[in-house]
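# give me coordinates for this.
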Amino acid sequence: MSVRLRELIRAVRACRTAQEERAVIAKECALIRTAFKDHTLAVRHRNVAKLLFIHMLGYPSHFGQMECLKLIASPSFPEKRIGYLALMLLLDERTEVLTLVTNSLKNDLHHESQYVVGLALTSVGNLATADMARVLTTDVSCHLGSSNPYIRKKAALALIRILKRVPELADDHVDVIIALVKDRSHGVLITGVQLMSDVLSLRHGLIEKFRRVVPSLVKMLRNLLNLGYSPEHDISGIADPFLQVKLLSILAVLGENSDQASEGMNDILAQVH
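The predicted structure follows:
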């Protein structure tokens, strides 16, 4: 009978040679394969968790890919969580079976639990292909206006992946990206700034539409410079340096070939040192 994950880890750590380790892994993989073939539902998530450990050790784990999809389709959150984790570790965008998970993602993006929605958004952000991006963009975009900042941030991160795969979709998201940059939640704000930065590099023709947000970006940078000590985001006496750097890089792009935009940011740039 297959052992628990903790026991497998203990057995691997007890191995004195690489040969002993290979023997332990080979035996466990054979038991996991048998359990998959027998459709042993009660321990499927446990077997996939062990497969993740085996994968991290560098051994083949491709035979568990379909089991990931079955776990994702499960109504149980613990099984769904293991399924999504395995999906992101065992598969990549070149894997053929990835297309089979699109329908499950679509369903979970409208799940009543914020954590299931978060798992689905994270998976889209890590694995979405161009075809998946086209199918799921509407489902992801609807969460950008969520009242939950946790979901808004996850949706913005997923949108970065979608727009990198299908840049022309950026034209439909200009207004919502500008709204994210003005968000009160710091996590959503810094994600929205990253999203705007990526869109500007992907679709240079949208610069003119984003120039209207220059006053807001300048105000944000001024607030950071005048903030003083902020225990949450202060690093070595600098208030939120990562956000400051990203804002400066966006202002550099938006100020290019625009006297009006450059004029609006001159004073604040002189204060940055």
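
# so, low pLDDT: which residues of the stretch 101-250 of the chain?
The stretch 101-250 of the chain contains residues with pLDDT under 70 at 228-229.

# please, where are all the helices along it?
Listed in chain order, the helices of the stretch 101-250 of the chain (DSSP state H, counting those that start in this stretch) span 102-108, 114-127, 130-141, 149-165, 174-181, 186-202, 207-210, 214-226, 241-254.

# so for residue 268, which of these sits nearest?
Proximity of those to residue 268 was assessed by Cβ to Cβ; the nearest stretch is helix 214-226, lying at 5.2 Å. For glycine as for every other residue, the C-beta is placed from the backbone atoms N, C-alpha and C.

# does residue 109 touch residue 121 like I think?
Yes - counting by Cβ atoms under 8 Å, residue 121 is a contact partner of residue 109 at 7.0 Å.

# now render the helices of the stretch 101-250 of the chain as JSON lines, adding mean neighbour count and distance to residue 16.
As requested, these are arranged in JSON lines below (neighbours: other Cβ atoms under 10 Å; distance: least, Cβ to Cβ, whole Å):
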{"stretch": "helix 102-108", "mean neighbour count": "18", "distance to residue 16": "43"}
{"stretch": "helix 114-127", "mean neighbour count": "21", "distance to residue 16": "37"}
{"stretch": "helix 130-141", "mean neighbour count": "18", "distance to residue 16": "45"}
{"stretch": "helix 149-165", "mean neighbour count": "22", "distance to residue 16": "44"}
{"stretch": "helix 174-181", "mean neighbour count": "18", "distance to residue 16": "54"}
{"stretch": "helix 186-202", "mean neighbour count": "20", "distance to residue 16": "46"}
{"stretch": "helix 207-210", "mean neighbour count": "16", "distance to residue 16": "60"}
{"stretch": "helix 214-226", "mean neighbour count": "16", "distance to residue 16": "55"}
{"stretch": "helix 241-254", "mean neighbour count": "17", "distance to residue 16": "45"}
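
# tabulate those helices (TSV), appending distance to residue 36.
Listed next are the helices of the stretch 101-250 of the chain as TSV, based on distance: least, Cβ to Cβ, whole Å:
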stretch	distance to residue 36
helix 102-108	19
helix 114-127	22
helix 130-141	25
helix 149-165	30
helix 174-181	42
helix 186-202	38
helix 207-210	50
helix 214-226	52
helix 241-254	44
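
# quick revisit: need the overlap of contacts for residue 109 and residue 121.
Counting by Cβ atoms under 8 Å, 6 or more residues apart in numbering, the contacts common to residue 109 and residue 121 are 140, 143.

# which parts of the longest helix along the chain are buried?
With secondary structure taken from DSSP state H, the chain has its longest helix at helix 18-37. Neighbour counts using 16 or more other Cβ atoms under 10 Å place 21, 24, 25, 28, 29, 32, 35, 36 of helix 18-37 among the buried residues.

# for the following helix or strand past that helix, what is the distance to the chain centroid?
Proceeding C-terminally, helix 18-37 gives way to helix 44-56 as the next helix or strand, assigned by DSSP states H and E. Using Cα atoms, centre = their mean, to the nearest Å, the mean C-alpha position of helix 44-56 is found 22 Å from that of the whole chain.

# rewinding a little: figure out which of the helices of the stretch 101-250 of the chain is closest to residue 55.
Each of the helices of the stretch 101-250 of the chain was checked against residue 55 via Cβ to Cβ, and the shortest separation belongs to helix 114-127, namely 15.6 Å.

# who are the packing partners of the closest one?
The helices and strands touching helix 114-127, judged by 3 or more Cβ pairs under 8 Å, 6 or more residues apart in numbering; DSSP states H and E, are helix 77-90, helix 102-108, helix 130-141, helix 149-165.
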